[in-house]
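# got a predicted structure here, sequence first:
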Amino acid sequence: MILEVNEVKFGYNGKEILKDVKLSVDQGEMLVILGPNGVGKTTLLRCINAILKPRSGAIMVEGRDVLKMEPSAIARRIGYVAQYQAKTRMTAFDAILMGRKPHIRFRTSEKDLHMVDGAIKILGLEDLAMRHIDEMSGGELQKVAVGRALVQEPRLLLLDEPTSSLDLKNSMNILSLIQHVVRDHGVSAVMTMHNLNSALRFADKFVFLKDGMIHSAGAIKEVSEDMIQDVYGIPVEILHHKGRPLVVPLN
């Protein structure tokens with residue numbers, strides 16, 4: 001088991017955001033967290049990464065309590081890609097290299113540089129490697145952020161709306177890449193998404209959040225029309241095209 005979240009509660013200003021959230025992710029699995037805006041999806045990711053501290057509950061990564069770990073130890077195990085990236089006067093190469101920081105002792109090694117080069121090639125950023133990230137589009141910046149997380153060599157990837165700034169082609173490329181990394185390198189991924197069809201295509205497991213609680217969860221093939229209507233408040237039909245499920249709103 002890579003990740004176990006057990007009865008996590010979080011709130012602020014007297015408002016409870018997460019209520020007894022419980023989930024788990026095995027090695028080689030992609031879990032997608034779904035639900036409307038404001039139900040606590042991003043808050044849950046930040047709790048898992050110890051950016052936010054839950055009021056109660058436990059978060060374990062490979063049997064270790066994340067909430068008791070030093071930030072450097074967390075960074076060696078968890079790669080986090082936020083939805084919005086800060087634009088600084090730094091090249092894409094250097095920004096991705098920052099992902100190696102938890103592993104660098106005295107100076108940058110050949111392995112560090114090799115891993116950054118590999119991430120740049122995988123993400124198709126060769127022409128942008130020396131461009132400053134404050135000159136990049138939102139989609140380009142998001143790909144740099146994914147590259148930075150990948151070179152951390154994490155056991156768990158957390159991605160908050162990883163395709164929100166990407167066009168259709170780049171969205172498919174990024175999700176395919178994440179799927180490849182998860183399945184072929186023995187890591188796990190937890191993503192928040194709004195695109196139900198992308199979630200059904202790439203994820204292995206799902207969690208629907210509603211009002212800060214888990215409404216339903218399971219294998220991706222278990223997602224039903226009734227679940228979606230209950231969570232989002234609109235009727236849908238799940239069709240199949242070339243063996244892939246497609247969610248079609250009926251309103």
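In hand now; what should we look at?
# determine the longest helix present in the protein.
Counting residues, the longest helix found in the chain (DSSP state H) is helix 168-185.
# now do it: distance to the chain's middle.
Distance of helix 168-185 from its chain centroid, counting by CA atoms, centre = their mean, to the nearest Å, is 12 Å.
# helices or strands up against the one helix or strand F206 maps to?
Using DSSP states H and E, F206 sits within strand 205-210. Applying 3 or more CB pairs under 8 Å, 6 or more residues apart in numbering; DSSP states H and E, we find strand 205-210 packed against strand 15-25, strand 30-34, strand 213-219, helix 225-232. In this view, the C-beta of every residue, glycine as well, is placed from N, C-alpha and C.
# still on that earlier bit, can you list contacts of the longest helix of the chain?
Residues outside helix 168-185 that contact it (CB atoms under 8 Å, 6 or more residues apart in numbering) are 28-30, 122-124, 139, 142-143, 146, 150, 157, 159, 162-163, 166, 187-189, 191, 195, 198, 201-202.
# list only buried entries from those residues.
Neighbour counting over those (16 or more other CB atoms under 10 Å) leaves 29-30, 122-123, 142-143, 146, 150, 157, 159, 162-163, 166, 187-189, 191, 195, 198, 201-202 as the buried ones.
# strands - which of those residues land there?
Judged by DSSP state E, the subset of the buried ones among the contacts of helix 168-185 located in strands is M30, L157, L159, S188, A189, M191.
# how much space between the most centrally placed residue in the chain and L125?
Among the residues of the chain, the one closest to the centroid is L159, at 1.8 Å (CA atoms, centre = their mean). Distance from L159 to L125, counting by CB to CB, to the nearest Å: 17 Å.
# dihedrals phi and psi, F106?
Backbone torsions of F106, given as degrees, to the nearest 10, read phi -120, psi -40.
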